[in-house]
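J.: next one to model:
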Amino acid sequence: MKSPVYVVDYGVGNVGSVVNMIKRAGGEAVASGDLQLLSSAAKVLLPGVGSFDNAIQKLRERGLIEVLQERAAAGVPFLGICLGMQLMASVSEEGKLPGLGLIPGQVKRFKIDPALQNLKIPHMGWSKIHKIKDSHLLDGLDEKSRFYFVHSYHYDCADPEDCLLQTEYGYLFTSAIERRNLMGVQFHPEKSHRYGMQLFKNFVDL
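T.: The predicted structure follows:
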């Protein structure tokens, strides 16, 4: 019996879309902001859209910071998507509040060469991925896989070993991270059709 995926519902992110996509991928998904339920979750997914400080503040207000840090430390599969991945960092140039500190790193704003006038910020649309290391999260995905991005900031890992995927937008940036049970993707799997479905299936199967 596969463990249900607990999608953290804290007022930030496409929770309904994520839950529906996980179910289509063959998993069981529960959207919840309940401390008791999340404190015993065997699989956690942290979504997010919007600004860094606003999201961290909403997690604080709901008492979820410590719960998420505890679940991460307990070794359960933990996946952050889009802003949810950025919240796993130590700090962000976008805000002043500390992140969850799950995978050490800093979230930085894109600094695109002005000569590349065709590249606008935010980075928005479909882009390919480049694998840096193997992972069960990437089973069935390859260099031809494309994912949907919408972001102005990207993760800069303190330890290069934590970089799972890179994507090119003016330069190569980290588009997915992984350290043991902790994973994050900068793109929106719930908007990435069959490629996103495959990634969610892989997470469900962990």
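J.: mind listing the strands for the protein?
T.: Counting by DSSP state E, the chain has strands at residues 5-8, 29-32, 44-46, 78-81, 91-92, 105-109, 123-128, 130-131, 146-151, 153-157, 163-168, 172-179, 182-185.
J.: winner for burial among those strands?
T.: With neighbours taken as mean count of other Cβ atoms under 10 Å, the strands of the chain reach their highest mean count in strand 78-81, at a mean of 28. (C-beta placed from N, C-alpha, C; glycine too.)
J.: against which helices or strands is it packed?
T.: Counting contacts by 3 or more Cβ pairs under 8 Å, 6 or more residues apart in numbering; DSSP states H and E, strand 78-81 packs against strand 44-46, helix 64-73, strand 182-185.
J.: I'd like these written out as TSV, with distance to residue 8 added.
T.: Shown next, in TSV, are the helices and strands packed on strand 78-81 (distance: least, Cβ to Cβ, whole Å):
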stretch	distance to residue 8
strand 44-46	5
helix 64-73	7
strand 182-185	13
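J.: got TSV for these, with mean pLDDT too?
T.: Below are the helices and strands packed on strand 78-81 laid out as TSV (pLDDT from 0 to 100):
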stretch	mean pLDDT
strand 44-46	98
helix 64-73	98
strand 182-185	98
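J.: beta-bridge partners for residue 172, please?
T.: For residue 172, the beta-bridge partners under DSSP bridges are residue 168.
J.: doesn't residue 160 make contact with it?
T.: No: contact between residue 172 and residue 160 fails when scored by Cβ atoms under 8 Å: they sit 11.8 Å apart.
J.: beta partners of the residue nearest the centre of the chain?
T.: By Cα atoms, centre = their mean, the mean C-alpha position of the chain lies nearest to residue 81, the distance being 2.3 Å. Note on residue 81: beta-bridge partners by DSSP bridges are residue 185.
J.: and it, how far from residue 88?
T.: Separation of residue 81 from residue 88 (Cβ to Cβ, to the nearest Å) stands at 10 Å.
J.: what do the two both touch?
T.: 46, 184 (Cβ atoms under 8 Å, 6 or more residues apart in numbering).
J.: which helix runs longest in this structure?
T.: helix 193-205 (DSSP state H).
J.: how far does it sit from its chain's centre?
T.: 13 Å (Cα atoms, centre = their mean, to the nearest Å).
J.: what helices and strands are in contact with that helix?
T.: Counting contacts by 3+ Cβ pairs under 8 Å, 6+ apart, helix 193-205 is packed against helix 15-24, strand 146-151.
J.: perfect, I'm done here.
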